[in-house]
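S.K.: Next input, structure requested:
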Amino acid sequence: MSSPAALRPLWQRLQTHPSWHYLLACLLPILTLMLRNEFSVSLGDHTLLILYILPIIISAFLGGLLPGLISTLVSATCAAYVIPPA
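M.R.: Have a look, this model is predicted:
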């Protein structure tokens, strides 16, 4: 006989596993950086740092304080990569 945990859908099991939140906190800013680089032709020299707010909000909402802080750190690193040196 299978256990009740095996009957739950995969998404529900991932939501309860804490490492999922940290992985999301690291990947969302990197995906935002990749998306920003794809639009670099149409955006020109504008850095559009407001784009990095979305991964922070999503990570903090889904994971809490620590994934939100990790997402902030990764977003700041990605933003420093995008901003040209003065």
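S.K.: Once you drop chain neighbours, what's closest to the most centrally placed residue in the chain?
M.R.: The centre of the chain sits closest to residue 28, judged by Cα atoms, centre = their mean, with a distance of 2.1 Å. Closest residue to residue 28 apart from its sequence neighbours, by Cβ to Cβ, 6 or more residues apart in numbering: residue 55 at 3.4 Å. Just so you know, the C-beta spots here come from the backbone N, C-alpha and C atoms, and that holds for glycine as well.
S.K.: Need the residues that contact the strand or helix carrying the one you found.
M.R.: For residue 55, the element it lies in under DSSP states H and E is helix 53-63. Residues from elsewhere that reach helix 53-63, judged by Cβ atoms under 8 Å, 6 or more residues apart in numbering: 18, 21-22, 24-25, 28-29, 31-32, 67-68, 70-72, 74-75.
S.K.: May I have stretch 24-34 as CSV, with CA atoms only?
M.R.: What follows is stretch 24-34 as a C-alpha-only set of coordinates in CSV (Å, rounded to 0.1, in the frame of the first residue of the first chain):
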residue,chain,number,x,y,z
LEU,A,24,14.0,29.8,-6.5
ALA,A,25,15.7,32.7,-4.7
CYS,A,26,18.9,32.1,-6.7
LEU,A,27,17.4,31.3,-10.1
LEU,A,28,14.8,34.1,-10.4
PRO,A,29,17.4,37.0,-10.4
ILE,A,30,19.6,35.1,-12.8
LEU,A,31,16.6,34.6,-15.2
THR,A,32,15.8,38.3,-14.9
LEU,A,33,19.4,39.1,-15.9
MET,A,34,19.1,36.8,-18.9
